[in-house]
Each structure stands twice: as C-alpha cells, then as structure tokens.
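**Student:** Predicted model and sequence follow; I will ask about them next.
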Amino acid sequence: MITVEDLILEPIETLQDIKGIAFPKEPKFRQFLVTGPPGSGKSTLVGKIGGWPYEGYLDLSDTNWWRLRALTFRPRELHLGAPFKGHKEALSVLDDEWLANFESLEVDFQRIRIPPGKTWLLGTNWRGLYVFEFILPSAELIYNDRLERARTGLYPHDKKVSQEIVKAQGGFYRAIAWYFWISGMHVYIRTEREGPPMQIVDCKNAPLL
C-alpha cells in the first residue's frame with residue numbers, strides 16, 4: 001500500500017473558511033465528500049461544518065455509484081468499499097474478510113469505476129461534481145485514539161484493533177486517493193485533523209496497474 005511519505009503533497013494556497021475550518025476555495029459547500037480510515041475524524045469534521053449527520057457507504061466497483069441517491073446529501077462522510085484481486089465482491093476495511101486477510105490483499109484498480117466527465121452540452125459532469133477529502137492523520141494517532149474509544153464499548157471493531165491493521169487501513173485510503181487523483185477526480189488530503197488541506201502533486205512508489 002502507498003504510505004503518506006510516498007504521496008508528495010503541497011499546501012493548497014487559495015482557501016475558504018467554513019465554520020473555522022479551511023477548505024479549498026473553488027468547490028461549493030455541497031460538493032464535499034469526506035472519507036478516511038476508521039478513527040480518522042470524519043464524523044467530527046462533518047459535524048462541525050454542519051454536514052449530513054449519517055455516514056454513507058460507497059462501493060467503488062458499482063456501476064454508476066456516482067448516481068446513488070445517498071450522494072445527494074452533502075457534505076457527508078463516506079466509508080469506502082473497493083474491489084480486491086481474487087474477490088468477487090467489494091470489501092471495506094471493516095469487513096471480516098478484509099481484517100482476516102489484509103496483509104495479502106491487493107486492490108484491483110481496474111475494477112474501480114470512475115465517473116464520466118461532461119459528454120454533451122446539457123449533460124452532467126459527474127467527475128467534477130464531487131470533491132473528495134481524505135483525512136489521513138498518522139497511524140500512531142489513530143491507533144491511540146481507537147484504543148481509548150474501545151473502552152467505551154461503542155465501537156466493536158476497536159476491541160481487536162492493532163497497529164498493523166491501522167496502518168493497512170490508512171494505506172488503503174491513500175491508495176484510493178492516489179487512484180482518484182491520477183484518474184482526474186477532485187481530491188485533496190488532510191494529514192492532520194482539521195489541519196490545512198493538501199493537494200497531491202506526485203507519488204514516489206505508485207502501484208503497477
């Protein structure tokens with residue numbers, strides 16, 4: 001999986017303020033979709049800006065996922081599922097199948113569906129409609145926070161969390177961010193919760209497609 005160090009990031013210079021949090025300037029409020037691994041801070045950020053309060057699930061291998069009714073409610077947080085080599089159905093990083101095999105799983109990028117751009121005068125530019133924010137703080141920070149919240153009993157998956165799982169979950173989301181970026185989608189990254197938004201400019205060790 002791609003690491004934060006592999007993705008070369010630069011600050012986004014032109015910003016807007018949404019309830020005290022910096023966002024890229026050009027996108028409108030209802031274009032933002034917030035995603036990231038468990039414990040990254042998605043719910044907190046979406047709550048602070050007054051976004052849609054419920055987490056959605058997006059299977060990136062679904063045909064026309066960009067037309068899902070759930071995506072009409074924005075900004076909102078999303079939990080992503082993706083296709084993996086050797087697996088017919090998409091998996092998320094919270095699925096038992098993923099957790100049991102995460103060390104050997106490989107994302108099947110060829111089966112990820114990318115929204116089309118505008119193909120005719122009155123058509124919808126689906127690729128430009130959404131702006132994906134990936135919250136990707138350090139694995140150490142997420143791991144320590146998930147240990148703390150495991151004590152509340154409200155998050156069943158945190159009971160068996162490990163540093164290896166947290167690193168792999170972060171790697172999955174970095175890989176999807178990279179693939180979205182090279183596919184021409186609007187993507188940016190926060191390496192700190194509520195920190196400045198960063199744009200991807202290159203990747204040192206990109207996967208072979």
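**Tutor:** Received the coordinates, thanks. Residues are numbered from 1 along each chain as shown.
**Student:** From the chain's centroid, how far away is stretch 81-100?
**Tutor:** A distance of 16 Å separates the C-alpha centroid of stretch 81-100 from that of its chain, computed with Cα atoms, centre = their mean, to the nearest Å.
**Student:** go on, stretch 64-75?
**Tutor:** Distance of stretch 64-75 from the chain centroid (Cα atoms, centre = their mean) equals 15 Å.
**Student:** Pull out the buried residues from that stretch.
**Tutor:** By 16 or more other Cβ atoms under 10 Å, the buried positions in stretch 64-75 come out as Trp65, Trp66, Leu71, Arg74, Pro75. (Each C-beta comes from the backbone N, C-alpha and C, glycine too.)
**Student:** same deal with stretch 125-136?
**Tutor:** Buried, per 16+ other Cβ under 10 Å, within stretch 125-136: Trp126, Arg127, Leu129, Tyr130, Val131, Phe132, Glu133, Phe134, Ile135, Leu136.
**Student:** Out of these, flag the one nearest to Arg190.
**Tutor:** Of all the buried residues of stretch 125-136, Ile135 has the smallest distance to Arg190: 5.0 Å, by Cβ to Cβ.
**Student:** was I right about that closest one contacting Thr35?
**Tutor:** Yes. Assessed by Cβ atoms under 8 Å, Ile135 is found in contact with Thr35 at 7.4 Å.
**Student:** thinking again about what came up before, so which of the buried residues of stretch 125-136 belong to strands?
**Tutor:** Val131, Phe132, Glu133, Phe134, Ile135 (DSSP state E).
**Student:** Now do the second one against Asp62, distance only.
**Tutor:** Phe132 sits 16 Å away from Asp62, taking Cβ to Cβ, to the nearest Å as the criterion.
**Student:** Need the overlap of contacts for Ile135 and Thr35.
**Tutor:** Listed as contacting both Ile135 and Thr35 by Cβ atoms under 8 Å, 6 or more residues apart in numbering are Lys42.
**Student:** Sketch out the helices for the protein, chain order is fine.
**Tutor:** With helices called from DSSP state H, the chain shows them at 42-48, 96-101, 126-129, 139-150, 163-182.
**Student:** looking at those helices, which is buried most?
**Tutor:** Stretch with highest mean neighbour count among these: helix 163-182 (a mean of 21; mean count of other Cβ atoms under 10 Å).
**Student:** send the alpha carbons of that one over as CSV?
**Tutor:** Written as CSV, here are the backbone C-alpha positions of helix 163-182 (Å, rounded to 0.1, in the frame of the first residue of the first chain):
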residue,chain,number,x,y,z
GLN,A,163,-1.1,-1.1,14.8
GLU,A,164,-0.8,-3.3,11.7
ILE,A,165,-4.5,-3.1,11.0
VAL,A,166,-4.5,0.7,11.4
LYS,A,167,-1.5,1.1,9.1
ALA,A,168,-3.1,-1.1,6.5
GLN,A,169,-6.4,0.8,6.7
GLY,A,170,-4.6,4.1,6.2
GLY,A,171,-2.7,2.6,3.3
PHE,A,172,-6.0,1.5,1.6
TYR,A,173,-7.4,5.0,1.7
ARG,A,174,-4.1,6.6,0.5
ALA,A,175,-4.2,4.1,-2.4
ILE,A,176,-7.7,5.2,-3.3
ALA,A,177,-6.8,8.9,-3.0
TRP,A,178,-3.9,8.3,-5.4
TYR,A,179,-6.0,6.4,-7.9
PHE,A,180,-8.8,9.1,-7.9
TRP,A,181,-6.1,11.7,-8.4
ILE,A,182,-4.5,10.0,-11.5
